[in-house]
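S.K.: Predicted model, plus sequence, below.
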Amino acid sequence: MILIAIVFFVLLFLGAPVAFAIGISGFTFFLTSDVMPISIGVQKIATVSQSFPLLAVPFFVLAGHLMNESGITGRLFKFSHVAVAWMAGGLAQVSIILSTLMGGVSGSAVADAAMEARILGPQMIKHGYSKGYASSVIALSSLITATIPPSIGLILYGYVGQVSIGRLFMAGIVPGLLMMVFLMVAAWIVAKRRNYVVADSRRPTPSELGRAAWQAKWALLFPVLLIVSIRGGIFTPSEVGAFAVVYSILVGRFAHRELTLARITTAFSDAITDIGLIMLIILMSGMIGFAIIFLQAPQDIAQALLSNLSDPRAIVAVILISLFLAGLFFESTILVLLLTPIFVPVIEKAGVDPVHFGILMMTIVTLGSMTPPVGVAMYTVCSILDTPLEEYIRESLPFFLAIFLLLLLLLFVPQLTLFLPNLMFG
């Protein structure tokens, strides 16, 4: 196991693509093993590709791109603007609400952050918000997509950890909404102290809010249909991904009348790039996943943790701290694929619900996308808004504090996460 880790880190240090670093380090196990032939490694790659639940990933990625091209984003922005633009830090509040709504559409933190940086970022700076404040709000609010269904990370966690994706989707709703509230409070406090102007000081009337909601009805309806169809047994998580593709095409083509053939081509082109990147990493991780189980790494880690710690919450806290540190240097997709097979058996042995742990894990590893030194969402937003990195770090501290407080709340009150899945699935 140590040799695999050394090869992996050396390849990353030399600049090798992540998928190849994972694949080569996985092959290292089979090349050096006395009992495992190399052919098993190849078979593991093929086995991973033949998974029906994994179809949810390309379907939801494609659906997200189609919805972005179908006019849904613009309508969600208008609804968010009408709903909260009158509050202190109004445009920051719009960003947070929009991230919550887009979580049920894009499922990707980086895609959400990039979109909002282009739409909202210039307006926030124009209204007198500092670049650091605007960038940190946009980047950190995109973290909500880590839990709001259909989160791509939750699908991968459920697939790798053999955890119900339907239960994970239900479990992510309350934490996602709570994250929205915590971030809105943080944004409000900072904006109030700095006297940031509001985008529109007039509160919306019920009719104006209802009209904006009606215009965005197809986007607002999608997460509801997603949950109802899974809970009602109409679709599996993979099948509901295919439904999402059909739904986005029908809405964009016939309801909004904005999804032209050129836009469909653009959506497919962008989706193919994203799907190819994600799937190549997933396929290559099949070998390392097998090696982790064969070498009994989960059992060794469980023995080390359980022999020194007796409180399940302390065990989860130690794991979350290690995941946060790992998230500073690696993408969330990599961490989910490589570490889920290790930690799920550990927390199950400690008596922790893997659904509860999945929400905590996805939140903490996705947070790495908003932190230096390799935060993709952070760099994306800062580059679009031309924000100095040190200013971003300084301005993001209140939002990081809000997220850590929420994680502590979720850790010590697991029913906030498990209430809905237990209610719906028993």
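M.R.: Okay, I see it.
S.K.: can we go C-alpha only for contacts and neighbour counts from here?
M.R.: Noted.
S.K.: burial measure for Gln50, as a count.
M.R.: Residues near Gln50, counting by other C-alpha atoms under 10 Å, number 11.
S.K.: Averaged pLDDT, the longest helix seen in the chain. What do you get?
M.R.: Counting residues, the longest helix found in the chain (DSSP state H) is helix 261-294. For helix 261-294, the mean pLDDT works out to 82.
S.K.: What are the buried residues along that helix?
M.R.: Across helix 261-294, burial judged by 16 or more other C-alpha atoms under 10 Å covers 263-264, 267-268, 271, 275, 278-292.
S.K.: Likewise for stretch 350-359?
M.R.: The neighbour-count check on stretch 350-359 (16+ other C-alpha under 10 Å) flags Ala350, Val352, Pro354, Val355, His356, Phe357, Gly358, Ile359 as buried.
S.K.: Mind checking which of those residues land in helices?
M.R.: Pro354, Val355, His356, Phe357, Gly358, Ile359.
S.K.: can you list the residues you listed in CSV and add pLDDT and distance to Ser136?
M.R.: Written out in CSV, the entries for those read as follows (pLDDT from 0 to 100; distance: C-alpha to C-alpha, whole Å):
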residue, pLDDT, distance to Ser136
Pro354, 95, 31
Val355, 95, 29
His356, 95, 27
Phe357, 95, 26
Gly358, 94, 25
Ile359, 95, 22
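S.K.: Include distance to Pro37 when you put those residues into CSV, please.
M.R.: Rendered in CSV, the data for those read as follows (distance: C-alpha to C-alpha, whole Å):
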residue, distance to Pro37
Pro354, 33
Val355, 35
His356, 38
Phe357, 35
Gly358, 33
Ile359, 37
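S.K.: With respect to Ala317, which of the residues you listed is nearest?
M.R.: Nearest to Ala317 among those, counting by C-alpha to C-alpha, is Phe357 at 10.3 Å.
S.K.: roughly how far apart are the closest one and Leu168?
M.R.: Counting by C-alpha to C-alpha, to the nearest Å, the gap from Phe357 to Leu168 is 10 Å.
S.K.: cool, and Pro237?
M.R.: Pro237 sits 11 Å away from Leu168, going by C-alpha to C-alpha.
S.K.: and if you look at Gln415?
M.R.: Using C-alpha to C-alpha, which is the criterion applied here, Gln415 is 14 Å from Leu168.
S.K.: These two: who's more crowded?
M.R.: Leu168 (29 against 14).
S.K.: who touches stretch 208-216?
M.R.: Stretch 208-216 is contacted from outside by Ile72, Arg75, Leu76, Lys78, Phe79, Val82, Ala83, Leu220, using C-alpha atoms under 8 Å, 6 or more residues apart in numbering.
S.K.: about what we covered before: just the closest of the buried residues of stretch 350-359 to Val94, please.
M.R.: Using C-alpha to C-alpha, Ile359 comes nearest to Val94 of the buried residues of stretch 350-359, at 24.3 Å.
S.K.: Thought Gly172 was touching the closest one, still the case?
M.R.: Yes. Proximity of Ile359 to Gly172 meets the contact threshold set by C-alpha atoms under 8 Å, at 6.3 Å.
S.K.: list residues touching both of those two?
M.R.: Between them, Ile359 and Gly172 share the neighbouring residues Thr147, Thr417, with contact defined by C-alpha under 8 Å, 6+ apart.
S.K.: By mean pLDDT, point me to the weakest helix or strand of this protein.
M.R.: Lowest by mean pLDDT, DSSP states H and E among the helices and strands of the chain is helix 297-308, with a mean of 71.
S.K.: what angle sits between the helix or strand following that helix and helix 297-308?
M.R.: The C-terminal neighbour of helix 297-308 among helices and strands, as given by DSSP states H and E, is helix 312-327. Relative orientation of helix 312-327 with respect to helix 297-308: 130 degrees, computed using axes from the mean of the first three to the mean of the last three C-alpha atoms, to 10 degrees.
S.K.: How about residues contacting helix 312-327?
M.R.: Contacts of helix 312-327 from elsewhere in the structure, counted by C-alpha under 8 Å, 6+ apart, are 305-306, 309, 335, 343, 347, 350-352, 357, 360-361, 364-369, 411-412.
S.K.: and if you look at stretch 289-307?
M.R.: For stretch 289-307, using C-alpha under 8 Å, 6+ apart, the contacting residues are 1, 26, 29, 44, 315, 337-338, 341-343, 345-346, 349-350.
S.K.: ditto for stretch 49-56
M.R.: Applying C-alpha under 8 Å, 6+ apart, the contact partners of stretch 49-56 are Ile155, Leu156, Tyr159, Pro237, Ser238, Glu239, Val240, Gly241, Ala242, Leu283.
S.K.: Show me which of these is closest to Leu406.
M.R.: Here the nearest of the contacts of stretch 49-56 to Leu406, counting by C-alpha to C-alpha, is Ile155; it sits at 22.2 Å.
S.K.: Give the buried residues for the one helix or strand Tyr247 maps to.
M.R.: Under DSSP H and E, the secondary-structure element containing Tyr247 is helix 237-250. By neighbour count on 16+ other C-alpha under 10 Å, the buried set for helix 237-250 is Pro237, Ser238, Glu239, Val240, Gly241, Ala242, Phe243, Ala244, Val245, Tyr247, Ser248, Ile249.
S.K.: Report all helices and strands that that helix contacts.
M.R.: With contacts defined as 3 or more C-alpha pairs under 8 Å, 6 or more residues apart in numbering; DSSP states H and E, helix 237-250 has these neighbours: helix 56-69, helix 217-231.
S.K.: Mind giving me the packing neighbours of the longest one?
M.R.: If I follow you right, that is helix 217-231. The helices and strands touching helix 217-231, judged by 3+ C-alpha pairs under 8 Å, 6+ apart, are helix 72-84, helix 165-171, helix 237-250.
S.K.: Off-centre distance for the next helix or strand after the shortest one?
M.R.: I take that to be helix 165-171. Read in the C-terminal direction, the helix or strand following helix 165-171 is helix 173-194, with elements assigned using DSSP H and E. The chain centre lies 18 Å from the centre of helix 173-194; the measure is C-alpha atoms, centre = their mean, to the nearest Å.
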